[in-house]
Structure formats: structure tokens, C-alpha cells
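# my questions are about this predicted structure, shown below with the sequence.
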Amino acid sequence: MSQELGRSVKPLANIVKAEGAEPLFQAGDAVKISVRFPVGHYRVPTYIRGKRARVEAVVEPAAINNEDEGFGRNVGVKRHYYRIAIPLSELWKGYAGSKNDGLRIEVFETWLERS
Amino acid sequence: MSSHAHAHTPAPDTGDAVPGYYQVMETAVRERLVEKKVIGAGEIRQMLEVMDTRTPALGSKIVARAWVDPEFRARLLANGRATLEELGIDFFEDTQLMVLENTDSVHNLVVCTLCSCYPREILGLPPDWYKMKPYRARAVKEPRAVLAEFGTVIPDDVEIRVSDSTSMIRFLVLPQRPKGTEGFTEEQLAALVTRDAMIGVVRASNPEKKEKSR
């Protein structure tokens, strides 16, 4: 109900948004997953690092960077997760199944590069 | 009771076992949190009680409702969590729920390669195989072979979409409604939806139909 009411309100123009409030990527954008190996527990599996992918959707709402939060850093700063699509043939050389088969995974904004 | 010859080893009394590293750590952290009044001892017990009430039967009801009510289905697909909260299902993790619809051209499969992320609010605790490395590693690498081992053969022209649940979203597969169930009530439909069908390793099936076709 409140969501429906919210939608009928027209947003004001020219509001300057805080860092991270607006998603940097949009559905359809070509991206690459960063290749980094920081110390700690990172929720970006190694098998997707360095792979080319496409943004399928922006995940709302924006979320804290739980990887930094775990170390007490970055308290309260929010950014977006994205639902990312990667063909299985991009992930695995000689993938035996259909070329349409794909992976979907959510990746935090700090791990995506424009491709 | 049994009259056969071999001896039965009594089941080990788990209370006698020396606790492992992580068990000791869990106890230490829990006791410290209770001592510092961050949580109460009763809260942990209460959470376990809540978890025990969440079983795949809840997920089955949601799927059956989506099969009979197109408007509910559309809202569920648009925002899983908000729609289920309207049904009175509370979410105790700060995660979203995405409902993945199987169609004639797409078959969805859910895995958590890093650990055991799972839509616990509506399916309860995940099965052991879901948490073990063979499934976690192979589901993203050779999903068709994994599915075949569950007895599910997906034609090549059907896209397999594996969702690796790593952070903020939990996934529920909305299986296709089996053929020959047109006259079924919502309750009868719910009985056809198994836990495995909601993870995507099998289809929902109509056992009556299967027997007839044999």
C-alpha cells in the first residue's frame, strides 16, 4: 500500500544524491568482475573473478558493504548489488551443455568494472 | 526385538563426545553474548523454535497459490519478500527473496557455492547435500550432469539458469504446474510441490498421471 502511494509521488528535480545512493550500473551494461584477492572473507567466488558479464538487474534497496563492515570499516555507507548474468561457456572452457546456459549471481558494486 | 545373529553397536551418546573446535567457539561466543546481555539465552531457544516451524510445506503453499492466482503470481515474481510479508511471513534475515519462474524455455537451479544460503523463512533448513561441496562445486560447472543424477533431464533447447546465492538475495524456484492438474484444489496442488522442486533439482510432478502413463 505505502509502496503504491510512494509511486504516485513525482520526484523533485535536481536533488544532489549522496555517494552510493544511485546505482552506477544499469541493466544491460557490459561489465567485468574485478580480479583482486584481499585478505578476509569476500563474497565474490574466485570462479567469477575476471569474467565478462552483463548486468541483468539492479538489486534494491542499496546495502552496506558487508565485507568491510565485518572489519568495522565503512560503517553505514551503502551501495548497490547487481544481479549479473554470465554464460556458462564464458566461465568454463569447453562447457558441454547448451550455449544458452548461464549463471546468475549478485555482485557488490565495488567488484564491477566497465567492460 | 530382532532375532538375527549379529550384535548391534549402541548409538554413541553425543553428550560424551569431546566438542570440536567450532563447537567450543560457538559455546564461548554464545556465553559471552549472553553474559554481556547482547542477547538473552531464551532468544536462541526461541529462534530454534521459529526455525522448526519453517518447513517446505510453507513453500509448497506459496507455489500452489501462485499456480491458481495469476495476480498473486505476478506480485510474487515482482517482489517476493514484500508479497510474502503481506501473507504474514516474517523475514528474520536482512535479505531479499527472488522467485524464479520455470517455463517451457528456462529451467532454474539454486545453489550457494560459498556456504549454504537458502530461503530458510519459507523452506526451513537446507538438505545436507545442498551444503556439501560436491553439489556446490558442480551445480555451477555441470548443472546438466547434476540434474541428470537427480533424474531430471532438461532438453538442450531449454536454457539452464543457475542462481548462485552469495549475498543479499535468497531464491525460490516456482516450478511449472504439472499437466493434468486442472481440476485440483490449491491444497491438492501444494501436495505435488516438493522441497527439491523448489530448489530446482526436480520438476513438480503429478504422481497419478505418471502411474497412468506407465
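Looks like it came in fine.
# spell out which residues make up each domain of chain B.
Domain ranges of chain B: B:16-51, B:54-213, per automatic domain parsing.
# of those, which is nearest chain A?
domain B:54-213 (4.1 Å; CB to the nearest CB). C-beta: built from backbone N, CA, C; applies to glycine.
# for the closest one, what is the average pLDDT?
Throughout domain B:54-213, pLDDT has a mean value of 94.
# report whether that domain contacts chain A.
Yes. Against chain A, domain B:54-213 shows contacts by CB under 8 Å from any CB of the partner chain at B:82, B:96, B:98, B:113-114, B:140-144, B:156-164, B:166-169.
# what's the PyMOL line that selects buried ones from these?
In PyMOL syntax, the buried subset of those is picked out as below (16 or more other CB atoms under 10 Å in any protein chain shown):
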select buried, chain B and resi 96+98+113+114+140+141+142+143+144+158+159+160+161+162+163+164+166+167+168+169
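# give me every residue that touches B:Thr181.
If a contact means CB atoms under 8 Å, 6 or more residues apart in numbering or on different chains, then B:Thr181 has B:Gln188, B:Leu189, B:Leu192, B:Asn206 as its contacts.
# go with 10 Å
B:Ala64, B:Trp67, B:Gln188, B:Leu189, B:Leu192, B:Ala204, B:Ser205, B:Asn206, B:Glu208, B:Lys209 (CB atoms under 10 Å, 6 or more residues apart in numbering or on different chains).
# in helices, which of those appear?
Among those, the ones falling in helices (DSSP state H) are B:Ala64, B:Trp67, B:Gln188, B:Leu189, B:Glu208, B:Lys209.
# and the domains of chain B: which comes nearest A:Arg83?
domain B:54-213 (7.4 Å; CB to CB).
# now do the nearest residue to A:Ser89 once chain neighbours are set aside against A:Asp101, distance only.
Leaving aside its sequence neighbours, A:Ser89 sits nearest to A:Tyr95 (CB to CB, 6 or more residues apart in numbering or on different chains; 4.6 Å). Using CB to CB, to the nearest Å, we find A:Tyr95 at a distance of 7 Å from A:Asp101.
# these two - which one has more neighbours?
A:Asp101 (24 against 17; other CB atoms under 10 Å in any protein chain shown).
# and the gap between the more buried one and B:Gly124?
As for A:Asp101, its distance to B:Gly124 is 29 Å (criterion: CB to CB).
# give me the phi and psi for the residue lying closest to B:Thr55 once chain neighbours are set aside.
With CB to CB, 6+ apart as the criterion, B:Thr55 has its nearest non-adjacent residue at 4.5 Å, and that residue is B:Gly124. As for B:Gly124, its main-chain torsions (degrees, to the nearest 10) stand at phi 80, psi -150.
# what's near enough to touch B:Gly124?
B:Met51, B:Asp52, B:Thr53, B:Arg54, B:Thr55, B:Pro56, B:Ala57, B:Leu58, B:Gly59, B:Tyr118, B:Arg195.
# and the lengthiest strand in chain A, what's buried?
What stands out as the longest strand in chain A, according to DSSP state E, is strand A:52-64. For strand A:52-64, a neighbour-count test (16+ other CB under 10 Å) marks A:Ala53, A:Arg54, A:Val55, A:Glu56, A:Ala57, A:Val58, A:Val59, A:Ala62, A:Ala63, A:Ile64 as buried.
# what does the pLDDT read for the residue sitting nearest the centre point of chain A?
Nearest residue to the geometric centre of chain A (CA atoms, centre = their mean): A:Tyr82, 2.7 Å. Per-residue confidence (pLDDT) for A:Tyr82: 97.
# after the helix or strand hosting it, next one along is what?
For A:Tyr82, the host element (DSSP states H and E) is strand A:78-87. Downstream of strand A:78-87, the first helix or strand assigned by DSSP H and E is helix A:88-91.
# tell me the mean pLDDT over whichever helix or strand comes after that following helix?
Moving toward the C-terminus from helix A:88-91, the next helix or strand (DSSP H and E) is strand A:102-108. The average of the pLDDT scores along strand A:102-108 is 97.
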